[in-house]
Each structure stands twice: as structure tokens, then as C-alpha cells.
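Asker: let me see the structure of the following:
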Amino acid sequence: MPDSDHPSQRTHAPDANRGATHRLRRAAGPLFGLAIVALALWGLHGMLRESSPHAIAAALRALPPQRLALALGCLLLAYLALTCYDFLSLRWLGRPQQWRRSAPVTAAAFALGNVSFNAMVVGGGVRYAGLRPLGLAPSGIAQMAVFASLGFWLAYGTVGGLLFAVDPVKPSVRMAGLLLLAPAAYLLLSRRPRTLRLRGYLMTLPPLPLCAGQLAAGVAELLAMSSVLWLLLPAIPGLTWSHFMQAFLLAIVAGSASQAPGGLGVFDSAFLALLPEGADVSQAVAALLAFRVLYYLLPLLLALAALGVRSLARRRN
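Answerer: Below you'll find the model as predicted:
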């Protein structure tokens, strides 16, 4: 009998094929993200043809120290708002903790998740490692990640819905004002906590006070995050705060859809494309670079340092 007809080979071949398919699917997301980043950086390079590295460096040096200090303050406020997500979701799960206990874990989860291809998975891993002593099951950690993500997008619907409906930067985005209905419906459903079925999963909504806190934390974080970039931008003719916020929000969607870490390249290209005509691209790029250093790189370095100190302390004990 030929070797190909051996029973063990007939059994293992489908398993090998399934394993290869599974690995290919897992790699597809990051590969897609890298491809989008490459296209976005290529498009960004085209936008910068009229600028030079020297002009961008000069614009970075020209950033007022006072604005940098205010931007750092807004960064701190943004991360303080982020820490409220897990503080509230732990109460929802029946494992309430003091804020000082959960806040460092939450901050590290967002700092590391924001620069990864899958923020929910990475953030969930950090939460699981930091909150494991509470006896939370992986399903509870997953619910915390969903609670935080939902809070951000509900805030997006609140702020974006108002701006897109009342003062749209382009007529085509006015219909996006319907986003405002999502937070309202969410709060209405939470008046009497009920269980919803989402893609085959059952999810019990938190009670109204927790949902209201979730939405408030998201709005505070979104406004503080955007203020970091707003403070770093130079005065651009025709750029009102409403125009800036809508460009910022639309760029966030583009960056999130790309699956690139922090929307790298995609967020920046979309934001620059939505600025008023005649804006100084060199100064805008300098502000975006400073924003990435403050909002992504600085928290990442602090989180890695904190994790390193914690690991050393555990080894000594």
C-alpha cells in the first residue's frame, strides 16, 4: 500500500491544513495593517514634497514651551479618564477595587495597547496579568476590554454626532450626526439592565449610573486627547475648533479601520488632508510628530519602565 494511504497520514493532513489556515488568518490582520501603513506613508510622503526635514525640525523647535506644558497636562487628564473605565467595570463585575489599585494596570494596558496591532488583545493581556489576584476569569477581563472600547465609541458618537450634525466641516458628513442616537439608545436601554445578544454572545448591560460614568469618562478622554494635538498645532487660517475636532474624529476612524498601531501614517494622512487649504504642512507635521511622542511614546516608555520595576521586585521577593 502506498505511504500516502497510511491512516496516520490521512488523519494528520487535515489537521496540518487547519493549522496552516489558522496561522494564515492570524497573520492576515497584521499584514493588512502593514500594507495600509505603507500606503499611508507613501501618500504622506507625497503631501510633504513641498516641505523639508529642516523645515519640520525648525517647526518642532518653535513649539512654545507653555503649550508643551499644557499638552502634557491634557495628556495626564486623558489617562486619568482612561483609568475610570476599569474602575467602573470592576464594580459592574462585582469586584470593586480602590482606584489606586486598578489605575496603574489600566494605564499600562492602554499605553501598550495603543501601539499594537490589536489593542483589545494586548490590553486584555496586561489586565489579566495585573488583576489576576482578584480571581477574574478571562471572560471577565474580556468584558472589561469591551466596556472600555464601548465607552470610547459612545463618546465618539456623542461628540462627533453633535459636531457633524450642527456644524459639519463637509455637507457629506452631516448624516453622520445620527451617531448621537447610539449613546442615547445605550443609556435608555441601561435604565433597566437587560441582556443583549451580540454575535452569539450574551452581554448584560451595566446599570444606568455605571453607563453614565462610562460615557462621561469617554467624553473626557476624547476631549483631553484631542486637546493635546490642538495645543501643539500652530495658528492655521480657517481652522476653528469645530473644524479641527471633526478632522481629528474622522482621522481616528481612518486610523482604526487600518488596524495600524496608533493609526500610524493613516491617521496623520487623513488629518492633513482635512486641514483648510493653505495650511503650513511643515508645522502641522511637526505638531503630529510631537503629538505621537507625547500621547504614544511617552506613556509606552513609562509603562515599560513600571513593568520592569515590578518584575524586578517580584524576583527579589
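
Asker: doesn't residue 275 make contact with residue 288?
Answerer: No. Under the contact definition of C-beta atoms under 8 Å, residue 288 does not touch residue 275, with a separation of 10.7 Å. In this view, the C-beta of every residue, glycine as well, is placed from N, C-alpha and C.

Asker: neighbour-wise, which of these two wins?
Answerer: Neighbours of residue 288 and residue 275, each counted by other C-beta atoms under 10 Å, are more numerous for residue 288; the result is 21 against 18.

Asker: residue contacts, that one?
Answerer: Contact criterion C-beta atoms under 8 Å, 6 or more residues apart in numbering gives 229, 268, 271-272 as the residues in contact with residue 288.

Asker: in what helix or strand does it lie?
Answerer: Taking DSSP states H and E as the criterion, residue 288 maps to helix 281-292.

Asker: quick one: mean pLDDT for that helix?
Answerer: This predicted structure assigns helix 281-292 an average pLDDT of 89.

Asker: about what we covered before: now neighbour count too, for the contacts of residue 288, in CSV please.
Answerer: Converted to CSV, the contacts of residue 288 look like this (neighbours: other C-beta atoms under 10 Å):
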residue, neighbour count
229, 23
268, 25
271, 24
272, 19
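
Asker: show me which pair in these is furthest apart.
Answerer: For the contacts of residue 288, the farthest-apart pair by C-beta to C-beta is 229 and 272; their separation is 12.0 Å.

Asker: how near is residue 293 to residue 73?
Answerer: Note on residue 293: its distance to residue 73, by C-beta to C-beta, to the nearest Å, is 16 Å.

Asker: and residue 165, how many neighbours?
Answerer: Neighbour count of residue 165, defined by other C-beta under 10 Å: 16.

Asker: sorry, that was for residue 236
Answerer: Residues within reach of residue 236, counting by other C-beta under 10 Å, total 17.

Asker: SS state for it?
Answerer: Using DSSP: H, G, I helix; E, B strand; the rest coil as the criterion, the local structure at residue 236 reads coil.

Asker: name the nearest residue to it, ignoring sequence neighbours.
Answerer: In this structure, residue 236 finds its nearest non-sequential neighbour in residue 279, 4.7 Å apart by C-beta to C-beta, 6 or more residues apart in numbering.

Asker: ok, that neighbour to residue 195 distance?
Answerer: Taking C-beta to C-beta, one finds residue 279 at 49 Å from residue 195.

Asker: neighbour count for these two, which is higher?
Answerer: The neighbour comparison of residue 279 against residue 195 (other C-beta under 10 Å) goes to residue 279, with 17 against 8.

Asker: verify the stated contact: the more buried one with residue 243.
Answerer: No. With contacts defined as C-beta under 8 Å, residue 279 does not count as touching residue 243, sitting 10.8 Å away.

Asker: returning to that earlier point: which SS class is the residue nearest to residue 236?
Answerer: Three-state call for residue 279 (three-state DSSP): coil.

Asker: dihedrals phi and psi, it?
Answerer: With angles defined as degrees, to the nearest 10, residue 279 shows backbone torsions of phi -70, psi 140.
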